[in-house]
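Starting from these lines, generate the structure:
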Amino acid sequence: MIIIITPFAYSVANGIGAGFITMVITKLFCGKVKEIHPLIWGSRYLRFWYIL
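Purely as a prediction, here's the structure:
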């Protein structure tokens, strides 16, 4: 997903941030919430609010 989003975001940092968001959402839908590290949760929230 990061490879697809990064060229459209025109920024590697924004592409990686979008990758964090999609990784958390994907793991939530797959039922693997325990595999998500707390730092990833924090990074996801910060990046989500940055994108908005």
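
Got the phi and psi for the residue lying closest to residue 1 once chain neighbours are set aside?
Using CB to CB, 6 or more residues apart in numbering and skipping residues adjacent in sequence, the residue nearest residue 1 is residue 22, 4.7 Å away. The way it works is simple: take the backbone N, C-alpha and C, and place the C-beta from them, glycine included. The phi and psi torsions at residue 22 (degrees, to the nearest 10) take the values phi -70, psi -30.

hmm, who's touching the helix or strand of the chain with the lowest mean pLDDT?
Taking mean pLDDT, DSSP states H and E as the measure, helix 38-51 is the helix or strand of the chain with the lowest mean score, a mean of 82. Where contact means CB atoms under 8 Å, 6 or more residues apart in numbering, the residues beyond helix 38-51 that reach it are 14, 17-18, 20-21, 23-24.

before we move on, back to that, quickly note the distance from the residue nearest to residue 1 to residue 9.
Distance, residue 22 to residue 9, by CB to CB, to the nearest Å: 12 Å.

thinking the residue nearest to residue 1 is in contact with residue 3, fair?
No: under the criterion of CB atoms under 8 Å, residue 22 makes no contact with residue 3, lying 11.6 Å away.

the more surrounded of the two?
Remark: of residue 22 and residue 3, residue 22 carries more neighbours, 15 against 8, as counted by other CB atoms under 10 Å.

Export the contacts of helix 38-51 as TSV, with columns for neighbour count.
As requested, the contacts of helix 38-51 are arranged in TSV below (neighbours: other CB atoms under 10 Å):
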residue	neighbour count
14	16
17	21
18	21
20	21
21	19
23	16
24	19
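
so where's this structure shaky on pLDDT?
With pLDDT under 70 as the threshold, the chain has no low-confidence stretch at all.

if you set the cut-off to 90 instead, what comes out?
Counting by pLDDT under 90, the chain contains low-confidence residues at 1-25, 33, 36-52.

For residue 23, which residues are in contact?
Residues near residue 23 by CB under 8 Å, 6+ apart: 1, 36, 40.

Who are the contact partners of the first one?
Taking CB under 8 Å, 6+ apart as the criterion, residue 1 is in contact with 18-19, 22-23.

Just the closest of those residues to residue 52, please.
Within the contacts of residue 1, distances to residue 52 taken as CB to CB reach their minimum at residue 18, with 12.4 Å.
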